[in-house]
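Visitor: below: sequence and its predicted model.
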Amino acid sequence: MSASTPVIRLRGAGRRFGAHEALAGLDLTVHAGERVAVLGTSGAGKSTLLALVNGSLEPTSGSVEVFGEDPAGLTAPQRRLLQRRIGSVNQDLALIEQVRVVHNVNAGRLGRWSTTRALASLVWPHSLDVVRDALERVDLGWALYERTERLSGGERQRVAIARLLVQQPELVVADEPVSSLDPVRAARVLDLLGASPTGRTLMVSLHQPALAREHCTRVVGLRQGRIVLDVPAADATDEALHDLYELV
Amino acid sequence: MTLQLDAPQSPQSPQSPQSPPSVSATGRKPVSGRRVLLRRLTALVTVAGLLAWAADRAVPSGGELVNRGGLALLDDLAATALRPSLDPGFLGVVLEATATTLALALLGTAGALVIGLVGGLVLSDVAWSGALPWPVRAGRLVLRGALVAVRSVHELVWALFFVSVLGLDPLVAVLALALPFGAQSAQVFGETFDSAPDAPLRALRAAGAKRCSALAYALLPGTAPLLLSYSFYRFECALRSAVVLGVAGVGGLGFELTVSLQSRNWGEVWTLVAVLLALAGVVELWSNRVRSDVAVVTCADWSVGQERSRDGGRSPRGLSRSTRWSLALAVPAIGAAWWWAGLSPVGLASARTQDLAGRLLSDLWPPALPEGGLRVLTGAALDTVAMAVLAMTVAVVITLLVGPWAGRPRADRRGPAAWGRWAVWWPARLLLLVLRSIPPTVWAVVALLGLFPGVLPGALALGLYTGGILGRLVAEAWETMDLAPRESLRNAGVPRAISAVVSMGPPSANHLVTYTLYRFEICVRDTAIVGVVGAAGLGRLLSERLAAFDFPVVTGILLVSLLISFATEVLGRRLRRALRA
């Protein structure tokens, strides 16, 4: 672990939705190259935590810094540059249904493209090599010109991951990215999300502790909006996780 | 008009004797039979009262209605029906006028689409991420109000305004079409954008995409078919309006028609009418084809702001060849139209224009009452409402008589009965096409040959024109109606005729009422155009005052007509919602 600026730093971060307190007083520091699995029951606050990190939600208390910057204090162009370094995969894949797969994958590169180039690419797809390469890495090489709405659930999930691959983010925030994949593909996708020559940082919420132990370096457990567990992946034994999933 | 009383009873809510008297399964309070009866009686009395009042207003007691001197002229007009002018020189003029009308309609539509896209994006919530700062919200509110005001003024009135600033410039027609149509499109486009799912847009923004790129990727692919379909629908409307604008002197078929009518050259009138029909027919067929190809939204749906696609989506084959050609040719066609019309934005910025526009704007405010004071103004306003009511009556009668036959026969029918149906379908369709393709100003001029100026000729002219549109809307809605209830009744042993009436009657009535209310709003607006050629109402007052450059009074009249359109729109929306409930 490098001693330089942490990739993610939460200081007393909390988030409420009306009267409901989803997260309260979270302190968490993640350094470059760490692969953090977020575990917990449904409703424990996993999605909210990931939304705070990827900038789609702002904390109602405390502070969230990503790459040493607080998104709330940035101007719109600065914020865009920051967002470009963060790649997100959501439960809701947020794919554009009516276009060919190639455009959905290219959508990951929009942050780097001028508006003219983006518009031109809608008519005549640009950087086909990169797109084809990304699709082949998720076993979808054949689907380049397929209509997105005609793909199956698992195939669509892999398109979303290909979109992330071409974005080449330094931090990946993935909310249950393997929930609709078979075990073999799930392992493959997690490898893809974490693997990068530059040592990409990964924060991923999962439902399977086994996958967390195998593909991550660190496990953070959430329960009722608080961190109750923060251990190296090797120490996340079933006994250690037992409390996390025990019914209230 | 009593048909609207059946509207609350759509086939989805059949009254069965076994239905429980207390709260229904959905938890809604059940409607009592007495309440339904009361509602029907109220509606009946209202409609009857309105009709009686309008008829009384249109026919002044003791006044002469029919102009016997003009009847001979009508006779002449009818006698030359089969002898249109085929003079080569005149045919050349007609050809040029046709090209001009097409060019103006095309340019007007293009302008309206630009305004619509920009305005629609500004008005839509989805294009603005997150909470809006208050200046943006205030600006949007102002824009929304301005767009309502812009589209409540008829194209022809806009043209008269622009003529007094720009002179006889093709820009007049293009602006007069682009402004009100653009205002209408902006509203429709804004709603279309907001109906698209916003998750992709948020995802793209979260990945750092620029606003424009993100909007283009996330919104355009999903909404493009609907936008395209609407654009072609707008083009049909623009073509009709471009003809109407001829009265203001901006050239094209409408202008030639007005000239020929005024010089009582009946042979030329018939030639022009034939060309007008052919043009409108071809454009409608073509537009229909493209629309059914991309989004399968009928005119009927567009006109009342519904977005519904048949069969739940687009054809799996993608775009047909004719659609692809239409799209590929659109840009060069606009260029050609620009060149043919001789459009030049220089006129907008010239010193003379600025001077005149400045004077016009300073003259327009404060508004003033016309000579004769408030009494004249309210009288004209009431005339306008009466004219619209009578026109709608004429239109509904036409629709009831012709509409049922104008729906395309179902493809599954065979045998002599089906042939008969097709044989009736063609003339019915053609009649409606004739009614709506000939501009209401021309119908008004013809009506004024036989009737003394007043509410009646205006109402008749508008009624014939609106009947052509209303009949088509209802027929289209009828073509797409679900036939399953009829089949199930028939399978249960109910005689053919009875099952048809029982299953098709209430939904047809529902369509008729919805479209009648919607068209009534437009009809009020359209009274301006028949007023321009000398019928009664606010339109006549407006054209008189415009011709006299009496701009303070013009503003006063426009404000009153704005008030009326606003009131009818609010009332119409209320009624439509009440009927749907």
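Guide: Looks like it arrived, so ask away.

Visitor: what about the helices in the stretch 51-200 of chain B?
Guide: Here the stretch 51-200 of chain B has its helices, by DSSP state H, counting those that start in this stretch, at B:68-79, B:88-123, B:134-152, B:155-166, B:170-195, B:199-206.

Visitor: and those helices as CSV, adding mean neighbour count and mean pLDDT?
Guide: From N, CA and C alone the C-beta is placed, and that goes for glycine too. Formatted as CSV, the helices of the stretch 51-200 of chain B follow (neighbours: other Cβ atoms under 10 Å in any protein chain shown; pLDDT from 0 to 100):
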stretch, mean neighbour count, mean pLDDT
helix B:68-79, 12, 74
helix B:88-123, 20, 91
helix B:134-152, 14, 85
helix B:155-166, 23, 84
helix B:170-195, 24, 88
helix B:199-206, 23, 85
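
Visitor: which one of the ones you listed lies nearest to chain A?
Guide: Closest of the helices of the stretch 51-200 of chain B to chain A is helix B:199-206, at 3.5 Å (criterion: Cβ to the nearest Cβ).

Visitor: just checking, what packs against the helix or strand bottoming out on mean pLDDT in chain A?
Guide: Of all helical and strand segments in chain A, the minimum by mean pLDDT, DSSP states H and E falls on helix A:238-245, at a mean of 79. In this structure, helix A:238-245 makes packing contacts with strand A:218-223, strand A:226-232, judged by 3 or more Cβ pairs under 8 Å, 6 or more residues apart in numbering or on different chains; DSSP states H and E.

Visitor: just the ones you listed: most buried one?
Guide: strand A:218-223 (a mean of 23; mean count of other Cβ atoms under 10 Å in any protein chain shown).

Visitor: got the angle for that strand vs helix A:238-245?
Guide: Strand A:218-223 runs at 30 degrees relative to helix A:238-245, counting by axes from the mean of the first three to the mean of the last three Cα atoms, to 10 degrees.

Visitor: what comes up buried for the least confident helix or strand of chain A?
Guide: A:Leu241, A:Leu244 (16 or more other Cβ atoms under 10 Å in any protein chain shown).

Visitor: likewise stretch B:470-489?
Guide: Neighbour-count burial for stretch B:470-489, counted by 16+ other Cβ under 10 Å, picks out B:470-478, B:481, B:485-486, B:489.

Visitor: and the end-to-end length of stretch B:532-546?
Guide: Using Cα to Cα, to the nearest Å, the end-to-end distance of stretch B:532-546 comes to 10 Å.

Visitor: quick one: distance of that stretch to the chain centre.
Guide: From the chain centre to the centre of stretch B:532-546 is a distance of 21 Å (Cα atoms, centre = their mean, to the nearest Å).

Visitor: where along the stretch 351-500 of chain B do the helices fall?
Guide: Secondary structure of the stretch 351-500 of chain B (DSSP H, counting those that start in this stretch): helices located at B:351-364, B:373-406, B:415-437, B:440-450, B:455-479, B:484-491, B:496-532.

Visitor: whoops, I mixed them up, chain A
Guide: Counting by DSSP state H, chain A has helices at residues A:46-54, A:76-84, A:101-106, A:115-123, A:128-137, A:153-167, A:183-194, A:209-215, A:238-245.

Visitor: out of the ones you listed, which gets the lowest mean score?
Guide: Looking at those, the lowest mean pLDDT belongs to helix A:238-245 (a mean of 79).

Visitor: what distance separates it from the centre of its chain?
Guide: Distance of helix A:238-245 from the chain centroid (Cα atoms, centre = their mean) equals 24 Å.

Visitor: go through the buried residues of stretch B:470-489 and name the one nearest chain A.
Guide: B:Glu476 (25.8 Å).

Visitor: and that closest one, how far is that from B:Arg291?
Guide: According to Cβ to Cβ, to the nearest Å, B:Glu476 stands 11 Å off from B:Arg291.

Visitor: how is the chain carved up into domains?
Guide: Reading this off chain A. When chain A is parsed with automatic domain parsing, its domains come out as A:1-85+A:171-248, A:92-168.

Visitor: meant chain B, my bad for not saying
Guide: Using automatic domain parsing, the domain parsing of chain B gives B:94-361, B:368-580.
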